[in-house]
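S.K.: only geometry, no sequence info:
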């Protein structure tokens, strides 16, 4: 191995993805099929054969024509959030009525949505007699039913939701259902980490046969799985109906993408016929007729929103039921299924798993980094058009998806020749990109490669950086990454092994019309699916120009084009690397581990591939995206242009100080024009385009950038009166709630502040930072922002069983309750506070008494605080309790200023000079060992030692790791190592001779090693 000269080289462990598979194949198959049936239901979703009459009825009622049960609840506002009352409404007609109306020629959507009845249910423990009188008068006036909660559950809820199999609909449905729960506990198996909820009072557990518990598991991002748990009677009778549950928040977000997910905001986006009342009600206050009308209107708005969402989904024409749509990826997978594309692991059951493992070690995410830090720089901001669908089409990944068979062929000499011959000009030709479906094994020797590791003290978790790598450990990469290194480094990496994927034949697929419109037809024998979806998006964006900005039609079309973008992105990439971790195992399970070599290991977190998992293709796509960025960087370098930052599919080019503005723009346009020859689209020529943010009111306007670290930056214009922020990042702000005392002190944003990047107070924070940095300040002071002196608050939802255990000391806490959390203080924070600011409050404490005992503030180190949900600190200040003892406590809480104090001084950990101002340099890394991981940072224990900290180590990798540390110890005299590390001399000698060190010993050695 060639050693770097005259450079600081940081020794690191390189974390590599691997592919795992249960050794107990029978259990694996059952688990995998169950999980995939639960999430995607691909195996049991085939349409039953229908006669002509039944088929015509289905065509009228699709995507669903059965009964619908809509509900909403109102609760107390304390930490219990206990049910006070709720409203329900039932819509639909039975099967016999449908047939009768069809034969009369009167069956239509309105007939299918017929109103059946509505009512109110209440909790007698949480309302007064006076309030009950008001409710009874209200239901009599509006012809509604009225039930106590327990009667409602047995007489209304289960007969409709369970017996008649009505679709249960709600906005934030997990919260509403958990308000109805009498008992609850931690779910097992497929719902591990979630909850079971018993709604009836029949039994004080989860064993009621007539009213089976509902299971809910949060999937993150307002997504959740629901079902009725299978129950078995002593007579061995089993109820197996799983139920139908739909959250309009989840469904709407999947259809129109990110945006306002409130009931009112989503109703407006979908142009629902009825919207939530804009006038807010004081929840938890005395029940009045106005309050009841508000609740009834919420149910009507939820029903109207579902109807609007259903019609948008109907246009897709997909066979998948609406309640099985959790995200845009669900829609994308439905397209793959309905187009006739089979799941990869099903179609290619004999595909070698060792090839999947090698490909997964080459898998990295998008490239995000800052090159010029904390220095105001004029830029032109550019963006690749739908980067992942673009490279998917360029490499013709669809050919692999549709192949009848795929073979893995070794190709070392061919690949080395290809690497030697390919030039920048070749990479700007479409015919080159299908040649990039290669995987190469190299010995890094100063090559510029993506490395997943922990970047020193700046990074607590693993991160991916593009840095110079040196290693005696061979490692697999996608050919695209090796080509990127050649472009930027001017050096050809040394390949020691290679293989490529060869498709054979093509399966039969179906033609499709998106939205039932012949203009949006898809024929996979002639079209690339992902390119076609992006072309459709381009057509819709053109339609948007015919409508005024902010109009309902514009909002609708904007959501539609955004949804198409998300569908294309997730389907062209996300579903190909979908892994579903199953953490339900209580002990380590033996697994096959496929990486560079095969081994056996153990893990509690079993990883099941998604239905369309195709690891090798999934690894190729982000690598190709990184190659596009490398090409852009190379084209810029050739023109004397640097960049401030790149963020997966975008790059902000920096104007050289000695280059005039017009020349700079011309050269950036030249860079963009170089990519036009790569366009796989019929109606889109620009692959790399100068974004609209570079103009204001359609006129070019000098754009400036201040970047702190990856994903922390702002784009802005300088104006005569200050600054006009065009884009800013809220990344890393912790989801803090808006301070109560906040009042805007900056010029009005040029457009909706959420489109610019986040909350208005974050906009003001960035505006203040820009001003200080532009004034030459090296550190941003927050003293001039008084609203930051308020305590920091964040909203937390008890969405997992683990969180419920954490909050077990909170009285009457239940699943999916939400509250306000206040951050813990460290020792420095506590020492800076006066003793007088600490006070324990008990039920008998009188604040006017002088005998309150002093409290040692350092005992509060690391203790967080909570309170019932409130919109301001003033609302909750007398209800704040400490987490560990569940007692009221007065303290000078951590302020927003303290929480964001280091936001603008955060370093770019992946750079060798992370906190410098100006141009940063790339690190030089010496790889001393490989650590194999699963999704995110799930590790697998080796087959030898339960104390191996979850690291997958096969024999050769273990030997490599020992050799790496042994080599390091030879760099300094042993006497100096003993002095530096405090490790006994004999231990160091043993390691140098090949013994395996403990994790702590290895950490101590690496801490002091620099060459």
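M.R.: Received, thanks. Just so it is clear, the structure is predicted and the values come from calculations on it, not from any experiment. Residues are numbered from 1 along each chain as shown.

S.K.: what's near enough to touch residue 558?
M.R.: By C-beta atoms under 8 Å, 6 or more residues apart in numbering, the residues touching residue 558 are residue 544. (Glycine included, C-beta is placed from N, CA and C.)

S.K.: Looking at the helix or strand containing it now, give me its mean pLDDT.
M.R.: For residue 558, the host element (DSSP states H and E) is helix 552-572. Helix 552-572 shows a mean pLDDT of 76.

S.K.: just checking, next helix/strand downstream of it?
M.R.: Next element after helix 552-572 (DSSP H and E): strand 579-582.

S.K.: ok, how many other residues are close to the closest residue to residue 154 other than its chain neighbours?
M.R.: Leaving aside its chain neighbours, residue 154 sits nearest to residue 200 (6.0 Å; criterion: C-beta to C-beta, 6 or more residues apart in numbering). Counted by other C-beta atoms under 10 Å, the residues lying close to residue 200 total 19.

S.K.: ok so, going back, okay, buried residues for the helix holding residue 558 please.
M.R.: The neighbour-count check on helix 552-572 (16 or more other C-beta atoms under 10 Å) flags 554-572 as buried.

S.K.: and the residue nearest to residue 154, what does it touch?
M.R.: Residue 200 touches 150, 153-154, 158, 182, 208, 210-211, counting by C-beta under 8 Å, 6+ apart.

S.K.: Taking the centroid of this protein, which residue is nearest it?
M.R.: Geometric centre of the chain, nearest residue: residue 221, 7.0 Å, by C-alpha atoms, centre = their mean.

S.K.: Contacts only, for that one.
M.R.: 253, 327.

S.K.: Residue 260 versus that one, what's the distance?
M.R.: 15 Å (C-beta to C-beta, to the nearest Å).

S.K.: swap in residue 387?
M.R.: From residue 387 to residue 260 the distance is 26 Å (C-beta to C-beta).

S.K.: Between the two, point out the one with more neighbours.
M.R.: residue 387 (25 against 14).

S.K.: and the residue nearest to the more buried one when sequence neighbours are not counted, how many neighbours?
M.R.: Nearest residue to residue 387 in three dimensions, chain neighbours excluded: residue 649, at 3.7 Å (C-beta to C-beta, 6+ apart). Counted by other C-beta under 10 Å, the residues lying close to residue 649 total 21.

S.K.: do residue 912 as well
M.R.: A count of neighbours around residue 912, defined by other C-beta under 10 Å, yields 19.

S.K.: was I right about it contacting residue 925?
M.R.: No: using C-beta atoms under 8 Å, residue 912 is not in contact with residue 925; the gap is 9.7 Å.

S.K.: Residue 672: what's it in contact with?
M.R.: 382, 686, 688-690.

S.K.: Which single one of the residues you listed is nearest to residue 793?
M.R.: Distance to residue 793 across these (C-beta to C-beta) is lowest for residue 382, with 38.2 Å.

S.K.: Now that closest one: which helix or strand?
M.R.: Per DSSP H and E: residue 382 is located in strand 377-384.

S.K.: Run through the neighbouring helices and strands of that strand.
M.R.: helix 615-638, strand 650-654, helix 661-674, strand 688-690, strand 703-709 (3 or more C-beta pairs under 8 Å, 6 or more residues apart in numbering; DSSP states H and E).

S.K.: That strand: partners in the sheet, and parallel or antiparallel?
M.R.: Strand 377-384 has the following sheet partners, assigned by DSSP bridges: strand 650-654 (antiparallel), strand 688-690 (antiparallel), strand 703-709 (antiparallel).

S.K.: Listing partners with orientation, what would you give for the next helix or strand after the longest one?
M.R.: Using DSSP H and E, the helix or strand that directly follows strand 703-709 along the chain is strand 712-718. In its sheet, strand 712-718 lies beside strand 703-709 (antiparallel), strand 723-728 (antiparallel), with partners assigned from DSSP bridges.

S.K.: Could you look up the SS state of the nearest residue to residue 393 once chain neighbours are set aside?
M.R.: What sits nearest to residue 393 in space, not counting adjacent residues and going by C-beta to C-beta, 6+ apart, is residue 680, at 3.8 Å. Three-state call for residue 680 (DSSP: H, G, I helix; E, B strand; the rest coil): coil.

S.K.: Just want the phi and psi numbers for residue 183.
M.R.: phi -140, psi 160 (degrees, to the nearest 10).

S.K.: Enumerate every residue touching it.
M.R.: 197-198, 204-206.

S.K.: Mind checking which of these are in strands?
M.R.: 197-198 (DSSP state E).

S.K.: Distance to residue 301 and neighbour count added to the contacts of residue 183, as CSV?
M.R.: Listed next are those as CSV, based on distance: C-beta to C-beta, whole Å; neighbours: other C-beta atoms under 10 Å:
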residue, distance to residue 301, neighbour count
197, 25, 26
198, 29, 24
204, 36, 10
205, 36, 11
206, 33, 17
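
S.K.: The contacts of residue 183: which two are farthest apart?
M.R.: In terms of C-beta to C-beta, those reach their longest pairwise distance at 197 and 204, which sit 13.5 Å apart.

S.K.: Identify each buried residue in stretch 695-714, please.
M.R.: 696, 702-714.

S.K.: Kindly report the same for stretch 147-158.
M.R.: Judged by neighbour count (16+ other C-beta under 10 Å), stretch 147-158 contains these buried residues: 147, 149-150, 152-154, 156-158.

S.K.: what does stretch 620-638 give?
M.R.: 620-636.

S.K.: so which strand or helix has the closest residue in space to residue 554 that isn't next to it in sequence?
M.R.: Nearest non-adjacent residue to residue 554, counting by C-beta to C-beta, 6+ apart: residue 547, 4.2 Å away. Residue 547 belongs to no helix or strand when elements are defined using DSSP H and E.

S.K.: mind showing which ranges of the stretch 1-150 of the chain have poor pLDDT?
M.R.: The stretch 1-150 of the chain contains residues with pLDDT under 70 at 1-7, 24-50.

S.K.: all strands of it, in order?
M.R.: Along the stretch 1-150 of the chain, counting by DSSP state E, counting those that start in this stretch, strands occupy 9-17, 19-22, 68-75, 83-91, 115-122, 145-148.

S.K.: so what secondary structure elements neighbour the fifth one?
M.R.: Of the remaining helices and strands, those touching strand 115-122 by 3+ C-beta pairs under 8 Å, 6+ apart are strand 83-91, helix 129-141, strand 145-148, helix 149-152, helix 289-316.

S.K.: That strand pairs with which strands?
M.R.: With DSSP bridges as the test, strand 115-122 is paired with strand 83-91 (antiparallel), strand 145-148 (parallel).

S.K.: got the residue ranges for the helices in the stretch 851-1000 of the chain?
M.R.: For the stretch 851-1000 of the chain, the helices defined by DSSP state H, counting those that start in this stretch cover 873-876, 896-899, 955-969, 974-981, 985-992, 999-1007.

S.K.: Which of those helices has the lowest mean pLDDT?
M.R.: helix 955-969 (a mean of 49).

S.K.: can I get the helices and strands packed on strand 377-384 in TSV with distance to residue 88 and mean pLDDT?
M.R.: Shown next, in TSV, are those (distance: least, C-beta to C-beta, whole Å; pLDDT from 0 to 100):
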stretch	distance to residue 88	mean pLDDT
helix 615-638	44	97
strand 650-654	47	98
helix 661-674	56	97
strand 688-690	50	97
strand 703-709	50	97
